[in-house]
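*Asks:* This is the structure alone, sequence omitted:
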């Protein structure tokens, strides 16, 4: 079986598991009162080059997103995000729950990225100060997007600037931030607080952690609220040192970027192979900036590849999503490519026969 | 240093860490679609002798309690619990948040245990059906209580029966359930669903897990709601197999009860030592049924014991809370007892000198 | 001044004010325990030909909509409505607040009416039972729509049928229901419960009441919840008899339909006048089924009409919304028409001069 | 029948009904954009001698209380109030709903009035800054209390001062504020903002209005939030001018205090009569500061008085609550007193006979 369903399906990176084991010595104060959590604070400040950033370890990306946003919006706010954003499509309304009834509003743009002009239009059409209309309060950007595309540093800064003109704060859903930073080759600070982001959901689980995500608040008012919001939603683990140990190992010595680079490079190699199958009707549906591709393929080829043991999500009769991870090997890519090629070939033969 | 602050301060039991490592092979579907989570389901049904119980792994006790209760109460409900219950005193209002504004109402009783007669009186004084009054909807029992005392099987059944007469459902906060079951020597089923409990918060973290608690629903309507409520509150981890592996190891071959028995027995030994210090003004403030004791002690003795490296929570000038864990050894108890004795002795000498 | 801004700007119908005065005799139990509220119950059952309908007087349309929907959806639900629906655009997120974080999802269709085929497509694309996706739970239809168009009886029944296949319940926002019933010439039952509607927001304020709207529940489970949901949101007035008196007078002897017919007929007359101004660039932007029209008109003509004392909402540089009410007279229409004509004429002259 | 059940059972004062009728001329902008609402703003500022107070008309006391408090507390707050306060006992959890899960915590004190020392103790025992504990955020005083007793100006100031030391804001539930102001003989400002109150629920319905209460915010941050919070909870009526007209009439030329004085004086007269029945076992259960009395009386006497047509609430076998209103006449009091006397007398005779 070759795993291309999701980076969530991957295991735990050895360095991170080792850190968990190493953390299991002696006893430690619960609920984040331990040394490893204090150390993590420093690691985050160093990696993000921000002396006052504050980190809140949590155990799911949905928690990170919805809590971060809830600390940045009043209950009567509207959270603007791309129509394809995870917070709208795949978090069961968590943002509205934790936001006290705040609503989400989709904004469009090509490649699953918000178009700054469209954002400006939306903001200009708002009846500001009129309580009949939910008041835009937070811009939530997803980087990489749920389609595997990335904003570059300037695009993030541009969107934040448009939002700030109207007083919105900016949240960045970085469930796969490492993949974006690795792809952009920028400093983590460049694409977050230096571009104006107020609060970040920093993913680690998909990229090799066991069960650890983090909220990183660059704004102290947001951080002050998160102290209470994380606890009262059950998102302060008692033995937090084991989450903190994972996150510290993840961010130390560039491990997070090495793991993400592997995923990105494997996907690039796979994409090159798929592009060579254009004659069979194989076609990329969008840019592939990181470790995720949406691909059109004949239905029979999809069936055949599945039977041959390639695992992926089928989004429609002739569409699949492929995702590589920190764990995907060059052999996996070669094997997947070979099976897709065979599947396409046999699918065409089948078609010819029945045609 | 001798750790008696909290069982939350203890580390991870070797069997459980081994299970996490063993789970780290291959890839697996995320969000509980993996084999280990399916296996856990069976383990829970076997251990609780209930063919339809459903388990939801989460990562904090606050999550387990507030989500379990939210699935059992309408938003206009009142959750009845002892005035000292964790859900009132130490979860930051999580029950009201997840309960959509449901309120909590304390009911009294000696030893931090609800008195059935008092419960009956409270229920009889309610204006049932009158929307001006929050309608009691859930009885939440804490076993062991936050004072380290336990209901026996009959007491649970009696309280559930009183509550049922008025249509209430029953939640059991079992953050330390293993300690209670070990102390009572009953089957886990006896003190839960056989006594009428509808939904259980089953703790594991305090008793040796890394980061794993569970909600066990014996009622299918509650379980059906939890599918949605856990996800939209960010309490479905993506790599759930690592939580499930912990819980399965915990519940298999009686590990949970062995770990809890150690904690209970160490506390019993420590209590015996403390009782021998009565002449110094050392006095238990309540029964000690499991692994937690509240003790009165001269202030100077508390100071001296602290200086001597015994770690505990000071609840007041002359009151401390002591908690043992799966990790506490006979040597720890002996050392703690010796230091308390010395502390008491030197405190008395000091008093005599200054007196 | 000629009032065409909103039917909300109109006064109280004499019959309704008389009923309020008549209700002011003696004393009466508060919170709906009075005879007038009991009588209203019977009036509603008779008018809607439903022996078990239950009515809940409230004081705003937002309250009626959001409470009615909250009693029909779980907190993890998605409420489907037209993208232009009042609950999305003009109620400040009330549905998400009272719905415990439930979300709203717009569905498209011409004339501000949901297209049944589009509804079916949306429902077919849902990942049912997957807690990552907000689960469609309620179809909310607006009749008349916020653009002044109406579904006919068959269209309502068709939409309800599509929704029911997937287990959704149906709410009808009838803030102007009287105008729709008057226009359709149907029985109130035909377009509500006989077509499958479970719960109705029945407006009265826009159509001559002082301050009275009602929720009418045709489903007893919804009604049972509303007993609590209305109270805990502050929507049970203490002297409810004065709301009930208004509603009873409104629904008795067809007053509500007479008042609405006046509004509809005045608008029809006004529309006829406006159509005669086509040569000046005056154009209806949509069908006009009841008492509201969206009209395109040269900017200079709009300015001139405003100066001449015609009051309306300007939706854009060359677009206005005109609304008639129970209070609009034939003289008002004649005067408005004359001023629009003059405004158009002078605007064209101005254009010619400067052209 | 003599009405002593509740001042909520009374009708509408003629001056207020006249104001409603007078408001019914011409058309007016909806949602508070009308002249009468603008005028009310000025009336409130004049009556309360506060140049920046802002008034929000609503239609129920529960709405006023829960919305006012929600604008003054974070969702993780605890609202401190007397254990007998209406917000705990009779509003169905509205404060927790609108407060986003904020909790209520009862503080004790004689005569249903919070004891400042007890308040100080509660505040000193809080683990400030610890998110496990709901953080006290608002002190809610009820004036008059739900037992008909009043704080004097100094007592309010003292309680506010204790609360302010810890950063709490103060809400005053003045559902019957007029009765308190009339009894105290103070300026409305003295017992509200001059004593440090931040936001006030100002009742009018119980004291002669048709359906009108108001929130008066003395703090601009609270007022800014109320703009949105009132709308999204359905508490902005569309024809607000009819609420505003009631409130303006109520507060103009001292009408509110005249109406309240009548109620207070009638109760004083009734109390004097009841005190003359001490020999029959009739006894006041608390001070009677305004228009409400709790009275102990032989069960047979209660039965007999009920049969004789005196209407009141029976709180227990031998306890009744009596309330007078703006509408209660001297004749009502004389008749009630006579019937109570007869009832007591016949009850004693009955007892003697059967004794």
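*Replies:* In hand now; what should we look at? On a predicted model such as this, the values are computed, not experimentally measured, just so you know. Numbering: from 1, shown residues only, chains lettered A, B, ... in the order given.
*Asks:* burial measure for the residue in the stretch 251-355 of chain A that chain C sits nearest to, as a count.
*Replies:* Closest contact between the stretch 251-355 of chain A and chain C, by CB to the nearest CB, is at residue A:316 (10.1 Å). C-beta: built from backbone N, CA, C; applies to glycine. A count of neighbours around residue A:316, defined by other CB atoms under 10 Å in any protein chain shown, yields 10.
*Asks:* Isn't residue A:206 up against residue A:5?
*Replies:* No: distance between residue A:206 and residue A:5: 11.8 Å, which falls outside the contact criterion (CB atoms under 8 Å).
*Asks:* Looking at the two, which is more packed in?
*Replies:* Each of residue A:206 and residue A:5 has its neighbours counted (other CB under 10 Å); residue A:206 has more, 27 against 22.
*Asks:* Next one: residue A:95 from residue D:95, what distance?
*Replies:* According to CB to CB, to the nearest Å, residue A:95 and residue D:95 sit 24 Å apart.
*Asks:* follow-up on the earlier one: would you mind naming the residues that bridge with the residue of the stretch 251-355 of chain A closest to chain C?
*Replies:* In this entry, residue A:316 is beta-bridged to residue A:319, by DSSP bridges.
*Asks:* and the next element down the chain from the host helix or strand of residue A:247?
*Replies:* Assigned by DSSP states H and E, residue A:247 belongs to helix A:241-251. Toward the C-terminal end, the helix or strand that comes next after helix A:241-251 (DSSP H and E) is helix A:255-275.
*Asks:* distance between that following helix and the chain's centre?
*Replies:* Centroid separation between helix A:255-275 and its chain, computed with CA atoms, centre = their mean, to the nearest Å, is 16 Å.
*Asks:* now do stretch A:325-338
*Replies:* Its chain's average C-alpha position is 21 Å from that of stretch A:325-338, according to CA atoms, centre = their mean.
*Asks:* Outside of that stretch itself, which residues are in contact with it?
*Replies:* A:2-4, A:6-7, A:9-11, A:13, A:206-208, A:259-260, A:262-263, A:266, A:269-270, A:273-274, A:291, A:310, A:322, A:324, B:27 (CB atoms under 8 Å, 6 or more residues apart in numbering or on different chains).
*Asks:* Enumerate the positions of it that are buried.
*Replies:* A:325, A:326, A:327, A:328, A:332, A:333, A:335, A:336, A:337 (16 or more other CB atoms under 10 Å in any protein chain shown).
*Asks:* quick one on the thing from earlier: and the helix holding residue A:247, what does it pack onto?
*Replies:* Using 3 or more CB pairs under 8 Å, 6 or more residues apart in numbering or on different chains; DSSP states H and E, the elements in contact with helix A:241-251 are helix A:14-23, helix A:35-47, strand A:54-58.
*Asks:* quick one: buried residues of it?
*Replies:* Under the neighbour-count criterion of 16+ other CB under 10 Å, helix A:241-251 has A:241, A:242, A:243, A:244, A:245, A:246, A:247, A:248, A:249, A:250, A:251 buried.
*Asks:* dump the residue contacts of the first one.
*Replies:* Neighbour list for residue A:241: A:23, A:28, A:34, A:35, A:36, A:37 [criterion: CB under 8 Å, 6+ apart].
*Asks:* how about the residues you listed in CSV, adding distance to chain C and pLDDT?
*Replies:* Formatted as CSV, the contacts of residue A:241 follow (distance: CB to the nearest CB, whole Å; pLDDT from 0 to 100):
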residue, distance to chain C, pLDDT
A:23, 31, 96
A:28, 34, 90
A:34, 32, 94
A:35, 36, 95
A:36, 31, 97
A:37, 30, 97
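*Asks:* mind listing the helices for chain A?
*Replies:* A:14-23, A:35-47, A:61-70, A:86-89, A:94-98, A:116-124, A:153-165, A:177-184, A:220-232, A:241-251, A:255-275, A:299-307, A:330-354 (DSSP state H).
*Asks:* contacting residues for the residue lying closest to residue A:78 once chain neighbours are set aside?
*Replies:* Once flanking residues are discounted, residue A:78 sits nearest to residue A:134: 3.9 Å by CB to CB, 6 or more residues apart in numbering or on different chains. Residues counted as contacts of residue A:134 (CB under 8 Å, 6+ apart) are A:76, A:77, A:78, A:102, A:103, A:105, C:92, C:93.
*Asks:* and if you look at residue A:57?
*Replies:* A:32, A:37, A:40, A:212, A:213, A:214, A:237, A:240, A:243, A:244, A:247.
*Asks:* what residues does chain A put near chain D?
*Replies:* Within chain A, the positions lying close to chain D (CB under 8 Å from any CB of the partner chain) are A:31, A:74-76, A:100-101, A:129, A:131-132, A:135, A:225, A:227-232, A:236.
*Asks:* can you narrow those to ones near chain C?
*Replies:* Restricting the residues of chain A next to chain D to those near chain C - CB under 8 Å from any CB - leaves A:75, A:76, A:100, A:101, A:131, A:132.
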